[in-house]
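S.K.: quick one: sequence plus predicted model below, questions after.
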Amino acid sequence: MELNLETLVTIGWNSKRETAFKQLGLEDVCPARIVADHGQKYRIITERGEGWAEMSGRLLHELEEHSAYPAVGDWVAIRLLTSDSQDGVIHGVLPRSSQISRRAAGSIPVEQIVAANVDLLFIVVALNLDFNLRRLERYLIMAWNSGALPVILLSKADLCDDPQRYISEVEEVSPGVQVLAISAMEDWGAEELHHLLKPGVTVALTGSSGSGKSTIVNWMSGQEMQRTQDIRESDSRGRHTTTHREMFILPQGAVMIDTPGMRELQLWDDEGGLAEAFSDISELAQGCRFGDCRHERELGCAVRAALEEGLLDSKRMDNYRRTQRELKFQTAKERRRGKPNKAPSDKKDAPRGKGEQRRRFEVVEWE
């Protein structure tokens with residue numbers, strides 16, 4: 001089926017995805033991107049505009065794990081219902097360049113895909129009573145595991161007296177990550193954000209409930225695309241507004257995925273994200289006398305020495321140990337029940353280091 005793909009190029013379609021689409025070997029299908037997930041129904045965008053689609057029975061049978069189901073940001077192959085229809089049936093899912101995952105609520109470990117094929121992950125942290133460095137560290141682990149490049153947005157900067165102090169604190173726990181203090185109310189940081197929102201780039205927003213993600217969508221789009229609510233006077237926290245994941249096309253040419261706020265972030269897996277988010281500890285550990293040092297009572301422990309000298313914050317170290325135990329426990333639990341299959345992904349080709357991540361984004365940015 002021949003279609004003009006110019007519309008899709010503006011939202012991230014490229015030659016690599018075109019090759020993957022052809023390799024599916026499906027007939028009479030066209031590419032589409034998932035804009036919103038409404039359970040069994042998906043809102044999609046094709047060259048013809050927005051429409052609706054659902055998975056074919058065969059695809060439902062083939063995708064055994066829920067994490068392999070189409071998610072917001074996914075590229076899919078659909079068969080249109082009629083020659084002039086904008087609706088269709090999903091017959092295939094293209095490999096993902098990145099996937100932002102967390103563990104779904106419940107006693108059984110299940111992977112929940114927050115967004116797929118994301119280039120930049122904006123971690124939104126409000127500069128009010130909800131500010132929490134330890135929570136931010138968890139979001140950074142999720143970001144580095146995903147294959148997307150994290151950017152930290154300190155929102156509602158107009159509500160604090162000294163934004164620079166918060167920037168310094170955040171930079172200490174996020175080495176190498178860009179940190180921006182912004183305010184939609186005062187239009188602070190708009191120029192820096194516009195510079196990141198290049199045509200063809202996919203950006204996802206994540207953060208706690210009420211951190212201001214929907215406000216950022218409206219601010220960058222220049223119109224009321226997402227409903228927002230006022231800050232509660234009792235605790236200076238915004239009220240939770242977004243109820244489902246949804247993708248928006250911005251006038252700058254980028255696409256932005258807004259996600260519901262998280263009351264609690266349960267990490268799904270560790271593919272190097274822990275070491276990346278705590279790179280300062282990882283670097284110190286290279287100086288330990290023993291390669292399997294647990295940084296407790298071992299002789300020649302460089303991490304313990306840094307703690308005693310005040311070069312490493314004890315709270316940061318405690319969070320590192322706690323998160324490390326959590327991920328090990330979850331891995332053991334998955335192995336006992338048989339680890340579920342991963343969603344279709346080409347993450348094995350995704351760069352892991354911070355420098356490599358930046359080079360990857362530079363290619364995306366200027367294509």
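M.R.: Sure thing, it's come through.
S.K.: for the chain, what's the longest strand?
M.R.: Longest strand in the chain by number of residues, with DSSP state E as the criterion: strand 30-38.
S.K.: name the surrounding residues that touch that strand.
M.R.: Strand 30-38 is touched from outside by 1, 3, 5, 8, 11-13, 17-18, 21, 42-47, 50-51, 53, 70-80, 88, 90, 94, 116, 244-247, with contacts defined as Cβ atoms under 8 Å, 6 or more residues apart in numbering. For every residue, glycine as well, the C-beta is placed using N, CA and C.
S.K.: likewise stretch 132-145?
M.R.: For stretch 132-145, using Cβ under 8 Å, 6+ apart, the contacting residues are 100-102, 121, 123, 125, 149-150, 152, 169-170, 173-174, 177, 206-208, 265, 267-274, 276-278, 315-316, 319-320, 323.
S.K.: narrow the residues you listed to those in strands?
M.R.: Short answer: those in strands (DSSP E) are I100, S101, R102, L121, I123, V125, L149, P150, I152, T206, G207.
S.K.: greatest separation within those: which pair is it?
M.R.: Among these, the pair separated by the greatest distance (Cβ to Cβ) is S101 and V125, at 20.2 Å.
S.K.: confidence score at the residue with the largest distance to the centre of the chain?
M.R.: What lies farthest from the middle of the chain is L299; by Cα atoms, centre = their mean that is 39.2 Å. Note on L299: pLDDT of 89.
S.K.: tell me the SS of the nearest residue to V170 once chain neighbours are set aside?
M.R.: Nearest non-adjacent residue to V170, counting by Cβ to Cβ, 6 or more residues apart in numbering: V179, 5.1 Å away. Secondary structure, DSSP: H, G, I helix; E, B strand; the rest coil: V179 is strand.
S.K.: so what's the residue count around V179?
M.R.: V179: 18 surrounding residues under other Cβ atoms under 10 Å.
S.K.: what sits against it?
M.R.: For V179, the contact set (Cβ under 8 Å, 6+ apart) comprises V151, I152, L154, I167, V170, E171.
S.K.: packing partners for the helix or strand hosting the fourth one?
M.R.: For I167, the element it lies in under DSSP states H and E is helix 163-173. In terms of contacts (3 or more Cβ pairs under 8 Å, 6 or more residues apart in numbering; DSSP states H and E), helix 163-173 is packed against helix 133-146, strand 149-155, strand 178-181.
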